[in-house]
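**Q** Take a look and give me a structure for this.
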Amino acid sequence: MIASRRTTRILVSPFPALHRYTVPVDVSRVIRVSFLLFLAAAGLSRSLLAADRPLIVCYGDSITAGYGLLTGQSYPDALQRDLDSRKLNYKIVNQGTSGATTKDAADGVRSIILMHPEIVIVEFGGNDGLRGVPPDQTRRNLDQVLTALENAHIKVLLAAITLPPNYGRDYILAFDQTFRDMAAKHHPAFVPMIYKDLIHVPGTIQTDGIHPTAKGSEIIAQTLLPTLLPLLRAGNR
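**A** A predicted model of the protein is given here:
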C-alpha cells in the first residue's frame, strides 16, 4: 500500500522543481528564436531595400578616396549623408583611388560600368596636372571615359579641378580648357571647380595644400549637390 502511494506520487508530480523551471525556459527559447528570426528577416529586408537603391558611383582620385581622412570623412560620405537627410533613395559608392590619373580612369571605366550605376561622378585630372601630363593626353583619356559611360547610358557629373599658380599660366589655362571641352562635347552635368566654395575657408585643406579636410569634404558635397539633384529620378526625390 505504501509502495502504491509512492508510485502515484511519482506519476502525478515527477521532479516538481524541474517542471516549474522547464515551462518558462521553453517559452523563453521560443521568444528568443522568434526574435532572432525577426532580426534576420529585418536584416534581409534592409539588404533587399539597399540592393534596390540606384547607385551613384564617385569615380576619382585621392580627393574622392578621402586621402588623409578618417573613415566617413570623404566627400562621397558627406554626399551620402546629404542625400539621406533629404530622404533621397540612392546609395553612393566610393571608387576613388589615391594617385589615379585619367589614364587609370580610362583603363578602369569598364569595371565601373559593370556596377550598373545610374550616375557616375567623374573626378580625375589633378594628378595629370601635378605630373605635367600634356593636356591633350588628359583630354583623350577623359573623352574615352565619358564616351564609355555615355554609350552605357549612364548619367555623368563631371567634377573639374584646377592647379596651383606655380604651374604656369599657359599650362593651367590649357588644363582648365580640357574640362570645358569635354563638357561641351559630351554635355554631362558639370561643376567647373569642385574647390570653388572652400578655397577661402580656413580649415578646409590639409597641410599638404592639396587634399580637403573633413570640413572641406562637407563643402565639396554641398558644391556638387545642386548639380547632382536634377540627375536623380523623380520617384527617388
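**Q** which regions of this protein lie under the pLDDT threshold?
**A** Where the chain drops to pLDDT under 70, the residues are 1-51, 234-237.
**Q** Could I get the full set of helices for it?
**A** Using DSSP state H, the helices found in the chain span residues 2-12, 16-52, 62-65, 75-85, 102-113, 126-130, 135-151, 169-186, 214-228.
**Q** Residues touching the third one, excluding its own?
**A** Taking contacts as CB atoms under 8 Å, 6 or more residues apart in numbering, the residues outside helix 62-65 that touch it are 58, 74-76, 94-100, 121, 123, 126-127, 161, 194, 211-212, 220. C-beta: built from backbone N, CA, C; applies to glycine.
**Q** what about the nearest residue to Ile113 once chain neighbours are set aside, neighbour count?
**A** Leaving aside its chain neighbours, Ile113 sits nearest to Ala152 (4.7 Å; criterion: CB to CB, 6 or more residues apart in numbering). A count of nearby residues for Ala152, using other CB atoms under 10 Å, gives 15.
**Q** distance of Ala152 from Val109?
**A** Distance, Ala152 to Val109, by CB to CB, to the nearest Å: 9 Å.
**Q** Now list the buried members of the contacts of helix 62-65.
**A** Neighbour counting with 16 or more other CB atoms under 10 Å marks 58, 74-76, 94-97, 100, 121, 123, 126-127, 161, 194, 211-212, 220 as buried within the contacts of helix 62-65.
**Q** Narrow those residues to those in strands?
**A** 58, 94-96, 121, 123 (DSSP state E).
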